[in-house]
Structures are given as C-alpha cells and as structure tokens.
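> Mind folding the following:
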Amino acid sequence: MFETSFLEMLVIGIVALLVIGPERLPTVARTIGLWVGKARRLIAHTRADIERELGTEELRSMLYKQEEELRNLRVMMNDQVDTVKKDIETHVKSE
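Presented below is the predicted three-dimensional model:
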C-alpha cells in the first residue's frame with residue numbers, strides 16, 4: 001500500500017525521538033504497532049469479505065445461466081413431444 005524507504009523511516013524515527021522523548025517512545029511505538037496491526041487485520045478481513053461476495057455473484061450468474069439453458073431445453077422438449085403427439089395422432093387417424 002504505502003512504500004517507505006529506510007531513509008524515510010530513519011527520519012520519522014529521529015523526529016519521533018525528538019518530539020516524544022526517549023522515555024515515552026517505546027510505549028508510543030508499541031501502541032502505534034498495535035493500531036497498525038488492527039488496521040491490517042481489518043483491511044484483510046474486508047478484502048476477504050469483498051472477494052467472497054464477488055465469488056457469490058459469479059456463482060449466482062452461472063446458476064442463472066444454467067437455469068436459462070434448462071428452460072430453453074424444456075421448451076425444446078415440449079415442442080418435440082407436441083410434434084411426436086401430432087405425428088402419432090395423424091398416423092392413427094390415417095389407419
């Protein structure tokens with residue numbers, strides 16, 4: 001997501017040391033680390049949810065296409081059955 005170089009991290013560390021002070025810096029760093037970890041887990045969880053939903057939509061789309069094909073096959077079969085029935089009726093009447 002964010003790319004930082006070693007030099008940028010070093011500058012941030014020196015500024016934090018000067019602003020916060022050496023006594024409170026470990027506590028602040030630990031707190032920031034915890035928050036960053038929580039943010040990463042939240043992002044990962046959200047990404048997984050979105051990917052799962054997209055997968056669900058793809059499955060729904062495939063299911064809809066299969067249902068449509070089944071409907072078309074049913075119509076074709078009914079047409080064939082009707083044609084066979086008419087042929088049988090015509091054959092029976094001609095005898």
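> So for the host helix or strand of residue 68, mean pLDDT?
Under the criterion of DSSP states H and E, residue 68 resides in helix 25-94. For helix 25-94, mean pLDDT is 90.
> so what does that helix touch, helix or strand wise?
Other elements packing on helix 25-94 under the criterion 3 or more CB pairs under 8 Å, 6 or more residues apart in numbering; DSSP states H and E are helix 6-20. Bear in mind the C-beta positions are built from the backbone N, C-alpha and C, glycine included.
> Return the distance of the helix it packs on from the chain's centre.
Offset of helix 6-20 from its chain centre (CA atoms, centre = their mean, to the nearest Å): 38 Å.
> What helices and strands are in contact with that helix?
helix 25-94.
> Taking helix 6-20 as reference, get the angle to the helix holding residue 68.
Here helix 25-94 runs at an angle of 130 degrees relative to helix 6-20 (axes from the mean of the first three to the mean of the last three CA atoms, to 10 degrees).
> what's the spacing between helix 25-94 and its chain's center?
Centre-to-centre, helix 25-94 and its host chain are 12 Å apart (CA atoms, centre = their mean).
> ditto for stretch 13-28
The answer for stretch 13-28 is 41 Å, by CA atoms, centre = their mean.
> What's the end-to-end length of it?
Using CA to CA, to the nearest Å, the end-to-end distance of stretch 13-28 comes to 12 Å.
> what's that stretch in contact with?
residue 29 (CB atoms under 8 Å, 6 or more residues apart in numbering).
> Go through it and flag the buried ones.
Going by neighbour count (16 or more other CB atoms under 10 Å), nothing in stretch 13-28 comes out as buried.
> before we move on, what about stretch 30-39?
Buried-residue list, stretch 30-39, by 16+ other CB under 10 Å: empty.
> Please save the CA atoms from that stretch in CSV.
Coordinates of the C-alpha atoms in stretch 30-39 are reproduced here as CSV (Å, rounded to 0.1, in the frame of the first residue of the first chain):
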residue,chain,number,x,y,z
ARG,A,30,4.0,-0.3,20.8
THR,A,31,0.7,1.5,20.6
ILE,A,32,1.2,2.5,17.0
GLY,A,33,2.2,-1.1,16.2
LEU,A,34,-1.0,-2.4,17.8
TRP,A,35,-3.1,0.0,15.8
VAL,A,36,-1.3,-0.8,12.6
GLY,A,37,-1.9,-4.5,13.2
LYS,A,38,-5.6,-3.9,13.8
ALA,A,39,-5.8,-1.8,10.7
